[in-house]
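>>> Just the structure for this:
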Amino acid sequence: MWNIMKYVCAEGIVYRGLCGHRYADKRRSVRLWVGGPFTHQIHAVHNSVPFSQTHVVTSPPWRVLFFGTDSFAEESLKHLFASSCCRQKAGSAVVKLLEVVTLPKDLPVRRFALQNQLRVHDWPNVNVQDRFDVGVVVSFGCLLREDLICQFPYGILNIHPSLLPRWRGPAPVFHTVLHGDSVSGVTVMQIRPKRFDVGPILNQCIYPVPENATAEELGETLATMGAKLLIDTLQNLPECVANRREQPSNGVTSAPKISTSMSWIVWEEHTCDQIDRLFRAIGSRIPLRTLWMGEPIKLLDFVGKFHTSLSGAEAETPGTVRYDRESDSLLVSCKDGRVAFRAVMLKKRLSALDFYNGYLHPFFLKKLPRQQKKCVFGSYKTKESDTPLGREAAHKVQNV
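Numbering: from 1, shown residues only. This next block holds a predicted model:
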């Protein structure tokens with residue numbers, strides 16, 4: 001555990017230490033030690049000589065070093081820039097100095113920084129040199145070294161789009177939608193070395209997840225909420241640090257990166273609601289997929305659950321696909337009903353009508369061998385032994 005120590009001297013000069021370092025002025029001083037989430041101890045210090053001595057600001061505006069990469073991080077950077085001395089009237093600014101650390105690529109954070117004449121450092125070439133009061137890291141994806149963290153008097157803050165400790169990891173927004181959470185939010189925490197998302201909480205804000213929200217929509221909302229919560233935290237930074245609280249040990253869940261392996265629909269197991277949540281979580285980045293006659297096929301333009309009752313629906317084999325002229329959609333049977341798609345991608349993009357004319361029309365079906373005349377999408381499972389089409393189909397899928 002690392003602490004912030006503040007030394008208030010007779011003339012108002014404040015000294016600080018991190019990671020248990022001890023500092024004191026030659027004159028009589030009073031030391032406030034933040035030793036834990038709610039621990040305060042006052043000690044009198046007499047005539048001890050410091051081995052390091054640095055002036056530390058105790059109120060805004062702050063000198064901030066920002067770490068970030070993507071559009072989610074860019075929103076926080078925009079709010080920091082808008083709250084800086086060059087953009088605010090004297091006395092109302094939260095940020096005095098703002099510099100940026102990002103990866104050496106063409107990224108949203110780099111573009112914004114360069115457009116607004118902010119100094120940019122390419123990771124990992126970072127030299128703090130006691131020039132900053134606090135660091136801010138948002139959607140950066142790289143673990144920061146302990147010696148780097150300890151160079152900031154107030155540590156490094158992180159904006160995480162979930163109510164920690166729920167959904168620790170790189171993809172909290174996607175898992176929030178995928179698992180149907182009704183409540184989400186943002187957390188401002190202090191980072192710790194060697195592990196992501198485990199540090200003490202400084203501030204949190206709750207957000208009810210709108211019905212049918214996509215991950216993209218929720219992410220945009222939480223990015224703005226997180227940026228505003230960051231500014232609120234910086235306005236009261238010493239108080240927030242003093243009252244920080246450790247994350248509870250219960251309620252911890254993991255939010256690993258999304259991958260193409262998540263996009264396969266298992267018609268026998270997935271319900272209409274699960275398919276809907278899967279599409280809203282990853283559909284904008286990774287199309288949902290299934291198998292058609294042993295070939296991978298992407299399912300596009302998801303319509304949702306098909307509510308019209310059709311004769312014999314309960315008896316249909318999961319994966320059975322039909323064309324519905326009224327809705328101009330492909331209807332596919334799953335565990336508890338039917339879902340609809342308006343297009344697919346086989347060798348090229350095909351509308352629902354094009355797919356029907358080319359693959360489901362009776363004229364096409366009568367040309368097929370008897371065993372292939374069923375109009376059924378296949379379910380691909382990761383284990384070859386569970387793959388309905390065996391090793392050959394599994395090999396094709398893994399090489400898509």
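>>> give me the beta-bridge partners of residue 300?
residue 343 (DSSP bridges).
>>> contacting residues for it?
287, 341-345, 349 (C-beta atoms under 8 Å, 6 or more residues apart in numbering). Backbone N, C-alpha and C define where each C-beta goes, glycine included.
>>> and what of residue 160?
172, 186-189, 197, 226.
>>> And the strands in the stretch 151-300 of the chain?
156-160, 183-190, 201-208, 288-292, 295-305 (DSSP state E, counting those that start in this stretch).
>>> Single out the most deeply packed of these.
Burial of the strands of the stretch 151-300 of the chain is given as mean neighbour count (mean count of other C-beta atoms under 10 Å); strand 156-160 ranks first at a mean of 26.
>>> Just the C-alpha atoms of that one, please, in CSV.
Written as CSV, here are the backbone C-alpha positions of strand 156-160 (Å, rounded to 0.1, in the frame of the first residue of the first chain):
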residue,chain,number,x,y,z
ILE,A,156,-2.3,8.2,-11.0
LEU,A,157,-6.1,8.2,-11.4
ASN,A,158,-8.0,5.8,-13.7
ILE,A,159,-11.5,6.3,-15.1
HIS,A,160,-13.1,2.8,-15.5
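>>> Provide the strand pairings for that strand, with the direction of each partner.
Under the criterion DSSP bridges, strand 156-160 sits next to strand 134-138 (parallel), strand 183-190 (antiparallel) in its sheet.
>>> Quick one, which of those strands gets closest to residue 317.
strand 183-190 (37.0 Å; C-beta to C-beta).
>>> State the mean pLDDT of the closest one.
Strand 183-190 comes out with an average pLDDT of 98.
>>> how about that strand as PDB, C-alpha atoms only?
Only the C-alpha atoms of strand 183-190 are listed here, as PDB (Å, rounded to 0.1, in the frame of the first residue of the first chain):
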ATOM      1  CA  VAL A 183     -27.200  -0.700 -13.700                       C
ATOM      2  CA  SER A 184     -23.700   0.400 -14.700                       C
ATOM      3  CA  GLY A 185     -21.600   3.500 -14.000                       C
ATOM      4  CA  VAL A 186     -18.100   4.900 -13.800                       C
ATOM      5  CA  THR A 187     -15.400   4.700 -11.200                       C
ATOM      6  CA  VAL A 188     -12.400   6.900 -10.500                       C
ATOM      7  CA  MET A 189      -9.700   5.000  -8.700                       C
ATOM      8  CA  GLN A 190      -6.000   5.200  -8.000                       C
END
